[in-house]
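[1] Curious how this folds, go ahead:
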Amino acid sequence: MKAVMYHYVRLENPSFPFFKFLHVKDFIKQVEAFHSASTSKPLVAENHFAVSRFVDITTRQHGRIKIDQLMIYEVKDGQIVVEQFFY
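    Below you'll find the predicted structure:
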């Protein structure tokens with residue numbers, strides 16, 4: 001699966017960890033404790049689907065944080081071509 005577009009949408013908030021430019025391996029290195037996570041069932045509409053996700057983690061830089069986000073994906077020819085994250 002290869003994403004063509006990867007987009008975060010959120011208000012600027014200096015107190016919220018800014019992870020969007022971290023590679024997944026670098027993000028994982030920042031996590032000190034993983035407390036919980038959940039993902040909703042997908043809501044499907046033609047060539048899009050959406051899920052909500054909640055993550056509760058403790059990071060080195062920011063301490064314990066809770067992230068609640070909505071993730072929307074566009075699919076074309078069986079591949080995800082656009083990912084959008086709202087939180």
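[2] Paired strands for the longest strand seen in the chain, with orientation please.
    Longest strand of the chain, by residue count under DSSP state E: strand 63-76. Counting by DSSP bridges, the strands paired with strand 63-76 are strand 48-59 (antiparallel), strand 79-86 (antiparallel).
[3] Lowest average pLDDT across those?
    Comparing mean pLDDT over those, the weakest stretch is strand 79-86, at a mean of 86.
[4] give the contact list for residue 68.
    52, 53, 54, 87 (Cβ atoms under 8 Å, 6 or more residues apart in numbering). (Each C-beta comes from the backbone N, C-alpha and C, glycine too.)
[5] picking that back up, let me have the strands paired with strand 63-76 in a markdown table, adding distance to residue 71 as columns.
    A markdown table is the format used below for these (distance: least, Cβ to Cβ, whole Å):
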| stretch | distance to residue 71 |
| --- | --- |
| strand 48-59 | 5 |
| strand 79-86 | 5 |
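[6] Quick one: closest of the ones you listed to residue 41.
    Ranking those by proximity to residue 41 (Cβ to Cβ) places strand 48-59 first, at 7.4 Å.
[7] least trustworthy helix or strand in the protein by mean pLDDT?
    strand 5-9 (a mean of 46; mean pLDDT, DSSP states H and E).
[8] what's the pLDDT at the residue lying farthest from the centre of the chain?
    Distance from the C-alpha centroid of the chain peaks at residue 77, with 23.0 Å (Cα atoms, centre = their mean). On the pLDDT scale, residue 77 is placed at 93.
[9] What of residue 87?
    pLDDT, read off for residue 87, is 74.
[10] sorry, back to before: counting neighbours, which bits of the longest strand of the chain end up buried?
    65, 71, 72, 73, 74 (16 or more other Cβ atoms under 10 Å).
[11] ditto for stretch 80-87
    In stretch 80-87, counting by 16+ other Cβ under 10 Å, buried: 80, 82, 84, 85.
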